[in-house]
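Participant: any chance you could fold what I've pasted below:
(one chain, ligands or ions: 1)
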Amino acid sequence: MSITGIVNPGPPVARLHSLRSVSLLVPDPKSMIDFYTGTWGLSATDQGDDVAWLRGSGQEHHILHLAQHDQNALGKIVFALDTRRAVDAAARGLERLGVAVVREPGPLDDAAGGYGLQFVDPEGRLVELSVERFAVSARDANGRDAIPRKIAHVVLNTVDIDAISTFYCDVLGMRISDWSEHQMAFLRCNSDHHVIAFNQAPWTSLNHVAYEMPSVDHFMRGIGNLRRAGISPEWGPGRHGPGDNTFSYFSDPAGLVCEYTSEVAQIEEDSWLCRVWPRTPELSDQWGTAGPPTEKVRKHMAGVPDAGHLARLTKTA
Ligand SMILES: [Fe+2]
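Facilitator: Prediction:
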């Protein structure tokens, strides 16, 4: 039986507007806050002991939330919907499908406010659908600073790439833009080629989080800033085949993988056809500049098995 348990999904429960933010749980948030607000280019909108909400140059209140946990884990993924009615309708749709809604629609009590719901996907990831979050004014005084604009995408390791991709398409209305053989599936919710990708793996975990730079120039400046701080790319810079985006991967202080990217392909919904990309060096690195990924980054992309949100609740109850 499929990990989703859903047989006749009916229409999607929501129309996702965008990927808003990611929450990461780590043993030592302070070192992560220093890294992401220092060299990486984010800044804190709000901060407490062992917790921070970090923004990029765009108008989202935060794109990265960091909090404390005894091992690395994905805290949650947050998507934007457009209206409260859409959040309410999504809750009814999820309940109809038997998907565990762990927070009913209502005011959200974190630093960004707003209204939303939370549910758990079939592999235990906490997903939040939200509207009316606090905005912040755009930041980047001289227009050339290497400040990520937003989360470009999150790659998630899955034990069942077909079932989990089907869940996100059937339930959340996402579309598969491309496959990398039967190893990776790239999913979109708007014109960006992908905001989520699933990677077939031995266990469920976070593979990496990618931050979008406004241009290749900003992308290269960001890499330069890291190099000046003594941090070299673990893979890249290069340009991927699927998605056509630039890439440069680094390890953060928690041993999670972060990526600078730019220029992801824009999809025309009516004309796009999903393709299957062979996993050849020329197609995963079009420029031929990246070289192979380091052993270290491969290990960090595999991550540690993530028991998921409900298991964490049980453990702390
Ligand atoms: Fe990526």
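
Participant: going forward, measure contacts and count neighbours with C-alpha atoms only.
Facilitator: Will do.

Participant: how many neighbours does residue 257 have?
Facilitator: Residue 257 is flanked by 25 other residues according to other CA atoms under 10 Å.

Participant: now do the contacts for it.
Facilitator: Applying CA atoms under 8 Å, 6 or more residues apart in numbering, one finds that residue 257 lies in contact with 207-209, 249-251, 297, 300-301.

Participant: which stretches of the stretch 201-317 of the chain have low pLDDT?
Facilitator: Within the stretch 201-317 of the chain, the stretches with pLDDT under 70 are 316-317.

Participant: what are the boundaries of the helices in it?
Facilitator: Assigned helices in the stretch 201-317 of the chain, in chain order: 216-228, 281-284, 295-302, 309-316 (criterion: DSSP state H, counting those that start in this stretch).

Participant: quick check: phi and psi at residue 109.
Facilitator: As for residue 109, its main-chain torsions (degrees, to the nearest 10) stand at phi -100, psi 20.

Participant: number of nearby residues for residue 270?
Facilitator: Neighbourhood size, residue 270 [other CA under 10 Å]: 6.

Participant: show me what contacts it?
Facilitator: Contact partners of residue 270, counting by CA under 8 Å, 6+ apart, are absent.

Participant: any idea how far residue 207 is from it?
Facilitator: Distance, residue 270 to residue 207, by CA to CA, to the nearest Å: 30 Å.

Participant: ok, now residue 273?
Facilitator: 26 Å.

Participant: so between those two, which is more surrounded?
Facilitator: The neighbour comparison of residue 273 against residue 207 (other CA under 10 Å) goes to residue 207, with 26 against 11.

Participant: in contact with that one, which residues?
Facilitator: Applying CA under 8 Å, 6+ apart, the residues near residue 207 are 154-157, 199, 256-257, 300-303.

Participant: just send these back as TSV, with distance to residue 165 too.
Facilitator: As requested, the contacts of residue 207 are exported to TSV (distance: CA to CA, whole Å):
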residue	distance to residue 165
154	14
155	12
156	11
157	12
199	10
256	23
257	22
300	23
301	19
302	19
303	20
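
Participant: reformat the helices of the stretch 201-317 of the chain as TSV; add mean neighbour count.
Facilitator: Compiled in TSV, the helices of the stretch 201-317 of the chain are given as follows (neighbours: other CA atoms under 10 Å):
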stretch	mean neighbour count
helix 216-228	18
helix 281-284	16
helix 295-302	17
helix 309-316	12
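
Participant: possible to save those as a markdown table with distance to residue 57?
Facilitator: Below are the helices of the stretch 201-317 of the chain laid out as a markdown table (distance: least, CA to CA, whole Å):
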| stretch | distance to residue 57 |
| --- | --- |
| helix 216-228 | 12 |
| helix 281-284 | 28 |
| helix 295-302 | 26 |
| helix 309-316 | 30 |
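
Participant: ok, which stretches of the stretch 201-317 of the chain are strands?
Facilitator: 205-212, 235-239, 246-251, 257-262, 275-277 (DSSP state E, counting those that start in this stretch).
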